[in-house]
Every structure is written in structure tokens, then in C-alpha cells.
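Student: show me how the following folds:
(one chain, ligands or ions: 2)
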Amino acid sequence: MDPARGSDAVLADAAVVFDGERIAWIGPAAEAPAADEMHDAGGRAMLPGWVDSHTHLVFAGDRSAEFEARMAGEPYAAGGIAVTTEATRAAGDYDLTRMLLARQAEAAAGGTTWLETKTGYGLDVEQEARSARIASTVVDDVTFLGAHLVPAGSDPEEYTDLVCGPMLAAVRPYVQWADVFCERGAFTEEQSRRVLTACRDAGLGLRVHGNQLGPGAGVRLAVEFGAASVDHVNYLADSDVEALAGTWRDWDAQTGSGQPGTVATCLPACDLSTRQPLAPARRLLDAGVEVALASNCNPGTSYTSSMNFCVATAVLQMELSVAEALRAATYGGALALRRHAGVDEDGKRAVGSIAVGHRADVQLLNAPSAAHLAYRPGMPLTAAVWRAGDRIRKT
Ligand SMILES: N=CN[C@@H](CCC(=O)O)C(=O)O
Ligand SMILES: [Zn+2]
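Tutor: Ligands and ions are numbered 1, 2, ... in the order given. Alright, predicted model coming up:
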């Protein structure tokens, strides 16, 4: 996954050397320089750590009854968010932080070394700011999602004004990104446009929840605003795919050079849990769109942070090759968070790829090749994980 070696290069009999939090050397094991500490991977596969670019981890409460109803035939609707909002508002800071830390630890044990999460279960100024503050102490990238649902009893236009004004100002110190749920039952195209405009003007990077439950304006808006990603993308018109492909016209996917466009982030665990058609990742890749795979871990539509599961599903059911799925779950996620480039640059290092000068984020599988993730789905293959050079899970 070193763009300089070809984006899906596999090195056999290789060694990787870390120096602190950076990757210092990669090459044939027989030529590896001396190191203070050595770990023999025993011929097992080493991959970049997963970059999970879409989660909603700041929440309390349980929605397993809603899940069971769905499995019995009820459709998913955005309104379920209100149930989690009530439980989240009732939780104290200590409990909310403890639950977030436990979810972050689960994700890390599963191989995730860079984690984004969103607000969106607070839905008033104080609670959204609290969620953003707590998230900023635990995860790597925080996204403001005040525009997740109009709370019961609020006027949609007045609530949108609140999101664009006082709520945005209150979360601003804690977040890098803003998002809007542009969907039937959530925010209209016009309301979404207002949110994206205000957040862009406040200096935030943009992402959009779009085209999840039906055709809609999400992809169009994401392209119009130059968003870094549009997520879900289950229901795409040909014009949506063409518009996304157009954003990648000045990008060289092989070398990772040029101007990145809007990543299409596919969320297969969510698609299965909501019984939506799987996002058309194959069609998007064939059109020249960069795709990310993310867990969308949240209590409503996707209560898993297992990127291994997402990768296996992408290979088994979405027609991606193993190399394409791995790239989408690592480099693709990094692109969606604009963390894909940067070699020792101002202390910021690229994540999602194994290359000299990038952050030492890697995982070791209990398997001789990454194909085993799909070949042996559901098996506990993650043997060890290093994040920023620190080992966080033992074999
Ligand atoms: N689609 C919007 N938001 C979440 C679901 C939130 C919920 O139902 O609690 C998602 O990405 O699927
Ligand atoms: Zn989401």
C-alpha cells in the first residue's frame, strides 16, 4: 500500500523497521538493519492498520429491540436516532467517556489504528458540544453531526438555524469535520445546503450522509461542496456515479498524486443490518471513484466496529478483489479523512499505508496472506496491532 511501489504491492519475506512512531525502513528481511527490539512475524501477513472513517461512537442505550423488529420485517427509519439521543443525554460525562473508550479499545483490538467518530446524539447546543469534547479526548478525527435528526418538538427550519449558528460555534473547538444526514425523514436538500455552507465557512472539512434510504440529493451536494466523502451511497443514479468520477479527474490512483476528489464510503455492515441493497462499490471503482470501507459503528444501523467483517463482506458480496477491499479499508479511509499523504510533514504523518515516513500503524494477521480475511470469514485473525509504533494487542 505504498503508493511509490504501486498501490497494492505485496512484499514477500519482508521486514519493517519502526523508529518511534514512524516507519523507518522497509525491505527484504535478510537486509534489515539492526534494531533494539525484534518481532518475528513467522511468515504471517502484515497490513496497514484499518482506517475507520465513519462511526457514531458517542452514545448510550440499546436498540436491540428495534433491530429485532427490523429482522422481522420493519423498515429502518431515521427516527430511531431519537431513542439514542434520549439515553445519551441522560448519561453522565464519566459513563459516556468510559463507553467510548471501551468501543475505541474494541476497534483497536480488531486492527483499527485510526478512528473517526461523529456527534449527533446530543441534538442541542450543550449536548452536542459535550459529545464533541468527549470524542476529541479519545478518537483521531471528530465530525460535527448536529444535523442528524430534527429533535421532536423542534421546527426544522429553526433547528437548522441552531445547527448553523450557536451549535456550530459551541462544537468548533473540538471538531475537524462536519456532516449532514441528507435523507427523507432527516434534512432536506435546502437545509443540508445551509448546514454545509455554514460549516464550510467555519473552516471545517465536509462529509455527507447521502443516498442511504433512497435516491436523493446527497451525492450531488457532496460534489457541489467538494466534500471529502459521501457515505452510504446505496441508491445511485448514473449521474451520481458520473459526478463522483468527475471529482477524481485530476488524481492518479496508482501513485496517489494530484487532487483528491470525493470518496464514496461504503458501509456494508450497515447495509446488512438495515437490509438495504449493498452499496455499488464495484460500479464506483469501475467508474474511477476512490472507495472507502468503514464500519459505521452505531447503535441503530450497524453495531459493529469489525473492519475484518466489512472487508470480508466487500470481497464475498460486493465483488471487490482482496486488494481492492484492503485498499478501501486502509488507504481509502485515509483519503476520506485527508490523512493519506504527509511524510514527516510538520509532525503529521500519513496513515493507511506502509511506507517510509508514514505513521507506524500496522496489524499482523494469524494467516499467511490477507486473502484469509475473506477466505476464513468471522475467524479471529487479528493477532497483533501497532499504533504509532506502540503495540496495543498481544498475540
Ligand atoms: N444514517 C444516519 N445515521 C446513522 C444511523 C443512526 C441511528 O440510526 O442511530 C447511520 O449512519 O446509519
Ligand atoms: Zn453514519
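Student: if I look at Asp13, how far off is Pro368?
Tutor: Distance from Asp13 to Pro368, counting by C-beta to C-beta, to the nearest Å: 12 Å. All C-beta atoms are positioned from the backbone trio N, CA, C, and that covers glycine.
Student: what packs against the helix or strand hosting Ala245?
Tutor: Using DSSP states H and E, Ala245 maps to helix 238-246. Other elements packing on helix 238-246 under the criterion 3 or more C-beta pairs under 8 Å, 6 or more residues apart in numbering; DSSP states H and E are helix 218-224, helix 281-286.
Student: mind redoing it with 10 Å?
Tutor: helix 218-224, strand 229-232, strand 263-266, helix 281-286 (3 or more C-beta pairs under 10 Å, 6 or more residues apart in numbering; DSSP states H and E).
Student: distance to ligand 1 and mean neighbour count added to the ones you listed, as JSON lines?
Tutor: JSON lines is the format used below for the helices and strands packed on helix 238-246 (distance: least, C-beta to the nearest ligand atom, whole Å; neighbours: other C-beta atoms under 10 Å):
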{"stretch": "helix 218-224", "distance to ligand 1": "10", "mean neighbour count": "23"}
{"stretch": "strand 229-232", "distance to ligand 1": "7", "mean neighbour count": "30"}
{"stretch": "strand 263-266", "distance to ligand 1": "10", "mean neighbour count": "32"}
{"stretch": "helix 281-286", "distance to ligand 1": "17", "mean neighbour count": "19"}
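Student: I'd like those written out as JSON lines, with mean pLDDT added.
Tutor: Formatted as JSON lines, the helices and strands packed on helix 238-246 follow (pLDDT from 0 to 100):
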{"stretch": "helix 218-224", "mean pLDDT": "98"}
{"stretch": "strand 229-232", "mean pLDDT": "98"}
{"stretch": "strand 263-266", "mean pLDDT": "99"}
{"stretch": "helix 281-286", "mean pLDDT": "98"}
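Student: could you dump those into a markdown table and include distance to Thr274?
Tutor: Conversion of these to a markdown table gives the following (distance: least, C-beta to C-beta, whole Å):
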| stretch | distance to Thr274 |
| --- | --- |
| helix 218-224 | 16 |
| strand 229-232 | 10 |
| strand 263-266 | 13 |
| helix 281-286 | 17 |
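Student: sort out which residues of stretch 10-24 are buried, please.
Tutor: 14-18, 21-23 (16 or more other C-beta atoms under 10 Å).
Student: show the end-to-end separation of stretch 338-348, please.
Tutor: End-to-end distance of stretch 338-348: 12 Å, with C-alpha to C-alpha, to the nearest Å as the criterion.
Student: list the buried residues of that stretch.
Tutor: Buried residues in stretch 338-348, counting neighbours by 16+ other C-beta under 10 Å, are found at 338-342.
Student: contacts for that stretch?
Tutor: For stretch 338-348, contacts defined as C-beta atoms under 10 Å, 6 or more residues apart in numbering pick out 3, 21-23, 51, 53, 114, 116, 140-141, 176-177, 205, 228-229, 256-257, 260, 263, 290, 330-335, 349-353, 355-359.
Student: buried subset of the residues you listed?
Tutor: 3, 21-23, 51, 53, 114, 116, 140-141, 176-177, 205, 228-229, 256, 260, 263, 290, 330-335, 349-353, 355-356, 358-359.
Student: in helices only, show me those.
Tutor: Residues from the buried ones among the contacts of stretch 338-348 lying in helices, with DSSP state H as the criterion: 333-335.
Student: dump these to CSV, plus pLDDT and distance to ligand 1.
Tutor: Formatted as CSV, these follow (pLDDT from 0 to 100; distance: C-beta to the nearest ligand atom, whole Å):
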residue, pLDDT, distance to ligand 1
Gly333, 98, 15
Ala334, 98, 20
Leu335, 98, 19
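Student: which SSE is the residue nearest to Gln127 when sequence neighbours are not counted in?
Tutor: Leaving out its chain neighbours, the residue that sits closest to Gln127 by C-beta to C-beta, 6 or more residues apart in numbering is Arg89, at 5.5 Å. Using DSSP H and E, Arg89 maps to helix 81-90.
Student: buried ones in that helix, by neighbour count?
Tutor: Applying 16+ other C-beta under 10 Å to helix 81-90 flags 81, 83-85, 88-89 as buried.
Student: those residues: which ones sit near ligand 1?
Tutor: 81, 84 (C-beta under 6 Å from any ligand atom).
Student: dump the buried residues of helix 81-90 into CSV; add distance to Thr247 as well.
Tutor: Shown next, in CSV, are these (distance: C-beta to C-beta, whole Å):
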residue, distance to Thr247
Ile81, 29
Val83, 36
Thr84, 32
Thr85, 33
Thr88, 34
Arg89, 37
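Student: nearest to Asp95 among the buried residues of helix 81-90?
Tutor: Using C-beta to C-beta, Thr88 is the member of these that lies nearest Asp95, at 10.1 Å.
Student: neighbours around the closest residue in space to that closest one that isn't next to it in sequence, how many?
Tutor: Excluding the flanking residues, the one nearest Thr88 by C-beta to C-beta, 6+ apart is Tyr121, at 4.1 Å. Counted by other C-beta atoms under 10 Å, the residues lying close to Tyr121 total 31.
Student: how far away is Tyr121 from Gly20?
Tutor: According to C-beta to C-beta, Tyr121 stands 36 Å off from Gly20.
Student: residue in the stretch 251-395 of the chain nearest to ligand 1?
Tutor: Nearest to ligand 1, among the residues of the stretch 251-395 of the chain, is Gly300, at 2.3 Å (C-beta to the nearest ligand atom).
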